[in-house]
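1. Return atomic coordinates for the entry below.
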Amino acid sequence: MPTYTLVLKFTDVLVHPDWSYQTGWRFKKRPGVDQFLQQVASSDYEVIIFTNENAFMIWPVIDKLDPENKLVSYRLFRDSTHFIDGVHVKNLEGLNRDLSKVIVVDWNKQAIKFHPQNSLILKKWKGTDDDTALLDLANLLQTIAMSNVIDVREVLTYYSQFDDP
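-> Okay, here's the model as predicted:
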């Protein structure tokens, strides 16, 4: 069992959805997403994708990101969230993990309002190609793992003071 659990928002953190009449839904991978997943999965992290989209739409897209099912340990969808005040909120208690070892990466503070001390808020990715956020994040996560941080919430609280950690 990996030491740490990394919970990732799917849409606008790892991929960006785009819809048109000609193509329907298409998903653009964020720059560095493949390298990011490889690096964190091999750095003592259990990777969980926890998104508020429906499983039938997102499952095949996750299969494209992780075709051999070696990088993403679990997939949680809309039915695993709580719908409160118009927002799908993630409850980390349902993961049955030590919360001192859980890091949630999301762009929406409201989606993780039950556990803000476990969150790392990134800027919402809008599909641009000039983005290095995931590669920078991989370096931070690798440093946390190599440092054997006892409680990640202390590190995440420090980084929460910055607009772009």
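2. May I have the longest helix anywhere in the chain exported as CSV, CA atoms only?
-> Secondary structure assigned by DSSP state H gives helix 133-146 as the longest helix of the chain. Provided in CSV are the C-alpha atoms of helix 133-146 (Å, rounded to 0.1, in the frame of the first residue of the first chain):
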residue,chain,number,x,y,z
ALA,A,133,1.3,23.3,-13.5
LEU,A,134,1.2,19.4,-13.5
LEU,A,135,5.0,19.1,-13.9
ASP,A,136,5.6,21.6,-11.0
LEU,A,137,3.0,19.8,-8.9
ALA,A,138,4.7,16.4,-9.6
ASN,A,139,7.9,17.9,-8.2
LEU,A,140,6.2,19.1,-5.1
LEU,A,141,4.5,15.8,-4.5
GLN,A,142,7.7,13.9,-5.1
THR,A,143,9.4,16.1,-2.5
ILE,A,144,6.6,15.4,0.0
ALA,A,145,7.0,11.7,-0.5
MET,A,146,10.8,11.8,-0.3
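3. So which elements touch it?
-> strand 4-8, helix 33-41, strand 102-106, helix 152-159 (3 or more Cβ pairs under 8 Å, 6 or more residues apart in numbering; DSSP states H and E). From N, CA and C alone the C-beta is placed, and that goes for glycine too.
4. So which of the ones you listed is nearest Thr23?
-> Each of these has some distance to Thr23 by Cβ to Cβ; the shortest is helix 33-41, at 20.3 Å.
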